[in-house]
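Asks: Sequence and computational prediction follow.
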Amino acid sequence: MITTSPIANDELEKLKYPVGKFILTNEFSSDLLQQFILGIETFPVKIKAETSYLSKEQLDTPYRDGGWTVRQVVHHCADSHMNGFIRMKLALTENTPTIKPYVEALWAGFEDTKKLAVKPSFQILEGLHVRWVALLKSLNENDLQKTYFHPEHKKEFTIYQSIQNYAWHCNHHLGHITSLKKRMGW
């Protein structure tokens, strides 16, 4: 594993949130919706382009001290986006279902996430995002207002809010990888 150079505390927030923290907008427009969906649609190609040529040592480098490795970030995205797709399908087919949260850090600690090549997660992301985007593009305004209940946050989220969050999530983790690559000169 490659070690990263020490980071000052004031820079830690930038490393944790390279594209900024998620900010929910209640504004709705079809243009905004299309931007969010495009972010989800293009994510598999972008993350693959950023990571597919990295060496094993580079993949096993954390994006910040105490953070996940690039490999774990890629696998986390597959895990997270599978959950996101299922949450949206539940919201579309049930009346405000309570979704099942999961402990992301524990999932990232399993051997499949820490050791497995990233190719299987590329395959998951590529297939999943094709289906996810097809679903998202088919939704009408009533569908976008359907909700699920998140017990950790103790609140309901609309599908429209969830789309925004996952579009941000894509950029958030791409930012982890691109900022690491820039710092390391890869």
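Replies: On my side now, so go ahead.
Asks: C-alpha from now on. contacts and neighbour counts both.
Replies: Fine.
Asks: So which bits of stretch 65-83 are buried?
Replies: For stretch 65-83, a neighbour-count test (16 or more other CA atoms under 10 Å) marks 68-83 as buried.
Asks: From the chain's centroid, how far away is the longest helix along the chain?
Replies: When the chain is parsed with DSSP state H, its longest helix is helix 159-184. Chain-centre distance of helix 159-184: 6 Å, with CA atoms, centre = their mean, to the nearest Å.
Asks: what about the helices in this protein?
Replies: 9-16, 30-51, 56-59, 70-93, 104-108, 111-114, 119-138, 141-144, 159-184.
Asks: what's the angle from the longest one to helix 119-138?
Replies: Counting by axes from the mean of the first three to the mean of the last three CA atoms, to 10 degrees, helix 159-184 points 140 degrees away from the direction of helix 119-138.
Asks: Which strands or helices does helix 159-184 pack on?
Replies: On a contact count with 3 or more CA pairs under 8 Å, 6 or more residues apart in numbering; DSSP states H and E, helix 159-184 meets helix 9-16, helix 30-51, helix 70-93, helix 141-144.
Asks: ok, and what's touching the first one?
Replies: So the one you mean is helix 9-16. G20, Y63, R64, H176, S179 (CA atoms under 8 Å, 6 or more residues apart in numbering).
Asks: The second one now?
Replies: When contacts are taken as CA under 8 Å, 6+ apart, the neighbours of helix 30-51 outside the stretch itself are 59, 70, 74, 122, 125-126, 129-130, 133, 136-137, 160, 163-164, 166-167, 170-171, 174, 177-178.
Asks: In PyMOL, how would I select the buried members of these?
Replies: To isolate the buried subset of the contacts of helix 30-51 in PyMOL, counting by 16+ other CA under 10 Å, use the following:
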select buried, resi 59+70+74+122+125+126+129+133+136+160+163+164+166+167+170+171+174+177+178
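Asks: where does the protein have its least confident helix or strand?
Replies: Scoring the helices and strands of the chain by mean pLDDT, DSSP states H and E places helix 9-16 at the bottom, with a mean of 85.
Asks: quick check, distance from that one to the centre of its chain.
Replies: 19 Å.
Asks: quick one: low-confidence ranges for the chain?
Replies: By pLDDT under 70, the low-scoring segments of the chain are 1-9.
Asks: Go ahead and flag the most central residue of it.
Replies: Against the mean C-alpha coordinate of the chain, by CA atoms, centre = their mean, the closest residue is H169 at 3.8 Å.
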